[in-house]
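# This is the structure alone, sequence omitted:
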């Protein structure tokens with residue numbers, strides 16, 4: 001892996017018309033739920049899929065956006081205007097948090113430490129069942 005210096009063009013930021021957008025303090029609007037039928041179908045899905053695909057790559061070093069990008073990926077087959085609004089919200093968040101992210105360095109250690117990115121607050125299962133699933 002090579003350090004190519006400062007980021008000049010974010011994955012799809014220009015394509016989405018978000019080069020000069022105002023940053024957002026959060027990666028997702030927590031007050032509303034995304035629906036598969038809200039909004040009109042996008043006439044051209046290629047840009048949506050391309051931008052969301054770029055965001056998927058970004059989750060490798062930005063786990064803070066993993067959940068919301070996964071939500072955007074659920075609608076790749078038939079994206080709507082509400083889904084594009086979600087993606088633009090993520091782009092505004094990334095614009096305001098360019099200094100965030102994981103730094104990857106060479107290491108001789110083979111230990112893997114992982115933390116699940118789960119939406120526990122929205123999970124209807126009782127706590128003891130959630131913990132059993134996590135421990136398996």
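Yep, it's here. If you're wondering where the values come from, they're calculated on a predicted model, not measured in any experiment.

# Provide a list of residue ranges in the chain with pLDDT below threshold.
By pLDDT under 70, the weakly predicted segments of the chain are 1-12, 114-136.

# Can you show me the helices along it?
For the chain, applying DSSP state H gives helices covering 46-58, 66-73, 81-96, 127-135.

# Can you tell me which of those is nearest to residue 31?
helix 81-96 (11.9 Å; Cβ to Cβ). Any C-beta I mention is one placed from the backbone N, CA and C, and that applies to glycine too.

# other SSEs contacting that closest one?
Here helix 81-96 is seen to pack against helix 46-58, helix 66-73 when contacts are counted using 3 or more Cβ pairs under 8 Å, 6 or more residues apart in numbering; DSSP states H and E.

# Could I get the buried residue list for the shortest one?
Right, the one you point to is helix 66-73. 66, 68, 69, 71, 72 (16 or more other Cβ atoms under 10 Å).

# Check the first one too.
When neighbours are counted by 16+ other Cβ under 10 Å, the buried residues of helix 46-58 are found to be 47, 48, 49, 51, 52, 54, 55, 56, 58.

# quick revisit: export the helices of the chain to JSON lines and tack on distance to residue 105?
JSON lines is the format used below for these (distance: least, Cβ to Cβ, whole Å):
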{"stretch": "helix 46-58", "distance to residue 105": "19"}
{"stretch": "helix 66-73", "distance to residue 105": "21"}
{"stretch": "helix 81-96", "distance to residue 105": "22"}
{"stretch": "helix 127-135", "distance to residue 105": "28"}
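
# how about the ones you listed, which one is nearest residue 19?
helix 81-96 (8.8 Å).

# which parts of that closest one are buried?
82-84, 86-95.

# want to throw those into TSV with distance to residue 15?
Shown next, in TSV, are these (distance: Cβ to Cβ, whole Å):
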residue	distance to residue 15
82	19
83	16
84	12
86	16
87	11
88	11
89	16
90	14
91	10
92	15
93	17
94	14
95	14
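
# Ok, which of the helices of the chain comes nearest residue 24?
Using Cβ to Cβ, the helices of the chain put helix 81-96 closest to residue 24, at 3.9 Å.

# And the contacts of the closest one?
With Cβ atoms under 8 Å, 6 or more residues apart in numbering as the test, helix 81-96 has contacts from 10, 12-13, 16, 18, 21-29, 34-35, 38-40, 42, 48, 51-52, 55, 58, 62, 65, 68-69, 71-72, 75.

# Thanks a lot, catch you later.
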